[in-house]
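>>> I'll drop the sequence and a predicted model, then ask my questions.
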Amino acid sequence: MKSLTISLIVLLLPPFASAEFSRSYIDSHPLQQASVNGVTIAYRTVGQAEERPKVVAIMGLGGSNVAWGDTMIAGIEAAGYEVLLFDNRDTGASTRFDSWGQPTLWLQILKHRLGFSVNAPYSLNDMAADAVGLMDQLGYQDAHIIGTSMGGMIAQIIAARYPERTRSLISIMSTTGAPHLPPPTNVAEDRLRNLAEGEAEADRDAAIRARGFYPDSMPRHLMAVFKVGDRSVEVASIQAATLVLHGVDDGLIPPAHGEHTAEMIKGAKYMLFEGMGHNLPAAVLPDLLVNMNAHMNRVDAAARGNGSEL
């Protein structure tokens, strides 16, 4: 049972645990809706301008578009990009699957471990198709695809399956899902246990919602992850210029997951950050942004013929 709990921990805790969090700048941009693949996807654009290169930012498990926080999105915009933020299906203001119900987690996790298909109303492949469908709606020929945690998995799928739509890939604290990779640490498990009881549970739930996360969506998102399983072969097919970012202190998805992602993608750059766990700490964000923007700028310069190939 402990190993089942560990499997769940990997994605149930929100990726942003920093006490310093603001979403007011993101909230100041109108939330719009589009019909994509039979569902409604809520989205907003920041720094909208036809001449600006495009960025698509994909949030993790249970997270809506505001969960990115102002610092990250304003930092990308300031570098000259138009940023598309959206709520994955089944979270935020996008189509919810509450009527489908909740999976029996212990049973579905057991089925996943034994190699059987899990019950799920959709998969990560569907969520990747949603993102590309939204790009179609907005006239994005291609974009830099950025994803964190589960969003990083979706971003990897887009880069593999829709190479012509992927200008570059940035995968943050994510994984290929390979079964040989290490599980979360005992410290991470203890943290979850301490946060899941009594007043701490209520405080955690309030904090999650204030940061744009939807706990009711998390189990179904987890099933979407399990539905696709190990994506190593698909990740190895990625041709886009790729930057893989991970935190030294990530106990939920340990650094070996990021390292393996980079190893699978030819020419990928892997960067490990001190003081970063499974979050985007305020102290680390400036360094992250410098490297993310530099990566995208190099790709754009090469595309214009003004820079060397990566």
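Structure received.

>>> Surely residue 75 is in contact with residue 285?
Yes. Counting by CB atoms under 8 Å, residue 75 touches residue 285, with 7.2 Å between them. Yep, even glycine has a C-beta here, placed from its N, CA and C like the rest.

>>> just checking, what packs against the lengthiest helix in the chain?
Counting residues, the longest helix found in the chain (DSSP state H) is helix 285-304. The contact analysis (3 or more CB pairs under 8 Å, 6 or more residues apart in numbering; DSSP states H and E) places helix 285-304 against helix 70-78, strand 143-148, strand 166-172, strand 241-247, strand 269-273.

>>> pLDDT on that helix, on average?
Throughout helix 285-304, pLDDT has a mean value of 96.

>>> now stretch 235-242
Mean pLDDT, stretch 235-242: 98.

>>> Could you list the buried residues of it?
Neighbour-count burial for stretch 235-242 flags 235, 238, 240-242 (criterion: 16 or more other CB atoms under 10 Å).

>>> Stretch 274-289 now?
Using 16+ other CB under 10 Å as the burial criterion, the residues of stretch 274-289 that qualify are 276-281, 284-285, 288-289.

>>> buried sites along the longest helix of the chain?
So for helix 285-304, counting by 16+ other CB under 10 Å, buried means 285, 288-289, 291-293, 295-296, 298-300.

>>> thinking again about what came up before, any chance of the helices and strands packed on helix 285-304 in a markdown table, plus distance to residue 27?
Shown next, in a markdown table, are those (distance: least, CB to CB, whole Å):
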| stretch | distance to residue 27 |
| --- | --- |
| helix 70-78 | 9 |
| strand 143-148 | 19 |
| strand 166-172 | 22 |
| strand 241-247 | 26 |
| strand 269-273 | 28 |
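
>>> For residue 219, which of the ones you listed is the nearest?
Proximity to residue 219 (CB to CB) singles out strand 143-148 among the helices and strands packed on helix 285-304, at 19.3 Å.

>>> Am I right that residue 98 is in contact with residue 216?
Yes. Counting by CB under 8 Å, residue 216 is a contact partner of residue 98 at 6.6 Å.

>>> Between those two, which is the more surrounded one?
Legend: neighbour count by other CB atoms under 10 Å for residue 98 and residue 216, higher for residue 216 (13 against 10).
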